[in-house]
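Chemist: Need the 3D shape of this:
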Amino acid sequence: MGRIPARSAAVAERADAGSSLLARLCLDDPEFEVRMGDALAGAEKRLRDCATDAPDPRIADLTGHLAAAGGKRMRPVLVLLGAEFGDPWRDGVTDAAVIAELVHLSSLYHDDVMDGAETRHGVPSANVRWGSRAAVLGGDWLLARSAQLAAGLGPQALRLNARTAGRLVAGQLRELTGPAPDEDPVGHYFEVVAGKTAALMAMALGIGALQAGAPEPYVRALTSYGEHLGAAFQIADDLLDLAAPADATGKERGKDLLAGVASLPVLLALADRSPQNEELRVLLAAGPVTEPAAHRRALELFATASATAGAAAIMHQRLAFARDALGVLPRCTARRALDALCDFVAFRTT
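Modeler: Numbering: from 1, shown residues only. Model (predicted):
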């Protein structure tokens, strides 16, 4: 993986989404930022090629839809940061970054079908544009494409890709079936998050480090960091769903409430039997909050609810665990970037 001499306007626009994330980490290392930016641009071009290389252009339009819509590209950034603890120029690091993003994109197609989402990254979701059946198959195609790339990197990458895909699907199924009658709903929530969100972040860091030939203790530390960061990231998403306007997130506000998603603030509010929480608990107990007036009121109550503060406290605890996992890594710009990512996740909710 080396520098690319030039970028097309389209590739530059998409790569800038990830580059803006790098810039927000306040690395104070211009050479590192340039090197990472070039590597990210190369991964972006490879991603767009891989997401749209279906033989039928109509299928390519579907499978390339969300790749073209952009995003923070956090998973490719994590792959590239993980590779910094080995030889980041080794062959296959770019494909490792693409693998992580393809798995992520495939999950978005499936999530939007399950949630009935209408937008993603500020554009119509694939299920709205092509229908749910086509969107599911588009996600399946992207997941298969990631496996093809992983097979080219060798058995370790292929096993990691397969294990992550299995955890991701298991997490989606656990979310769909809900907790068992005697199961703790919050414990069930974290099992879902471990599969749907944390597994992919852990995989991104791990496959980047593995492909770069990083020492095994570094791979384990990065994987542990990714698990905790992923859990915190999902909680931040839960909090954002309740507070952030649609133009800031690319998704409609309160989408989880409309869909009846058991986010962490919702679960904590349902468990809170205090008099101060009674109105919110009653609103949530009926299931999806779809009536417009009730939906607006629930969002108002969440702004000051103890459940919101409790979810934020758990998020910060998981970020502290993530930071602790970095202790075995050498002090370098990449480690500072990973530490700053924890601040980035926390900052998203303020």
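
Chemist: Now residue 124: phi and psi?
Modeler: Residue 124 adopts backbone torsions of phi -60, psi 140, taken as degrees, to the nearest 10.

Chemist: For the closest residue to residue 47 other than its chain neighbours, pull up the helix or strand it's in.
Modeler: Spatial nearest neighbour of residue 47, chain neighbours left out: residue 98 (4.8 Å); criterion: C-beta to C-beta, 6 or more residues apart in numbering. For glycine as for every other residue, the C-beta is placed from the backbone atoms N, C-alpha and C. Taking DSSP states H and E as the definition, residue 98 sits inside helix 93-115.

Chemist: quick one: residue 258 from residue 297, how far?
Modeler: 14 Å (C-beta to C-beta, to the nearest Å).

Chemist: hang on, the earlier thing: which of the residues in the helix holding residue 98 are buried?
Modeler: 93-115 (16 or more other C-beta atoms under 10 Å).

Chemist: buried set for the helix or strand residue 37 falls within?
Modeler: In the assignment (DSSP H and E), residue 37 maps to helix 30-51. By neighbour count with 16+ other C-beta under 10 Å, helix 30-51 contains the buried residues 32-33, 35-48, 50-51.

Chemist: then that helix to PDB, C-alphas only?
Modeler: What follows is helix 30-51, C-alpha atoms only, in PDB (Å, rounded to 0.1, in the frame of the first residue of the first chain):
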ATOM      1  CA  PRO A  30       1.100  16.600   9.800                       C
ATOM      2  CA  GLU A  31       3.300  13.800   8.300                       C
ATOM      3  CA  PHE A  32       1.100  11.100   9.900                       C
ATOM      4  CA  GLU A  33      -2.100  12.800   8.800                       C
ATOM      5  CA  VAL A  34      -0.900  13.100   5.200                       C
ATOM      6  CA  ARG A  35       0.200   9.500   5.200                       C
ATOM      7  CA  MET A  36      -3.100   8.300   6.700                       C
ATOM      8  CA  GLY A  37      -5.000  10.500   4.300                       C
ATOM      9  CA  ASP A  38      -3.300   9.000   1.300                       C
ATOM     10  CA  ALA A  39      -3.900   5.500   2.600                       C
ATOM     11  CA  LEU A  40      -7.500   6.300   3.200                       C
ATOM     12  CA  ALA A  41      -7.900   7.700  -0.300                       C
ATOM     13  CA  GLY A  42      -6.500   4.500  -1.700                       C
ATOM     14  CA  ALA A  43      -8.900   2.400   0.400                       C
ATOM     15  CA  GLU A  44     -11.800   4.600  -0.800                       C
ATOM     16  CA  LYS A  45     -11.100   4.100  -4.400                       C
ATOM     17  CA  ARG A  46     -10.700   0.300  -3.900                       C
ATOM     18  CA  LEU A  47     -14.000   0.300  -1.900                       C
ATOM     19  CA  ARG A  48     -15.900   2.000  -4.700                       C
ATOM     20  CA  ASP A  49     -14.500  -0.400  -7.200                       C
ATOM     21  CA  CYS A  50     -15.300  -3.500  -5.100                       C
ATOM     22  CA  ALA A  51     -18.800  -2.300  -4.200                       C
END
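
Chemist: so what secondary structure elements neighbour whatever helix or strand comes next after that helix?
Modeler: The helix or strand immediately downstream of helix 30-51 is helix 57-63, counting by DSSP H and E. For helix 57-63, the packing partners by 3 or more C-beta pairs under 8 Å, 6 or more residues apart in numbering; DSSP states H and E come out as helix 132-153.

Chemist: which residues sit against the next helix or strand after the helix it packs on?
Modeler: Moving toward the C-terminus from helix 132-153, the next helix or strand (DSSP H and E) is helix 155-177. Residues from elsewhere that reach helix 155-177 (C-beta atoms under 8 Å, 6 or more residues apart in numbering): 92, 96, 99, 103, 107, 110-111, 114, 143, 146-147, 150-151, 188, 191-197, 199-200, 202-203, 206-207, 210-211, 262.

Chemist: Run the angle between helix 155-177 and helix 132-153 for me.
Modeler: Per axes from the mean of the first three to the mean of the last three C-alpha atoms, to 10 degrees, the angle that helix 155-177 makes with helix 132-153 is 160 degrees.

Chemist: Thank you kindly, that will do.
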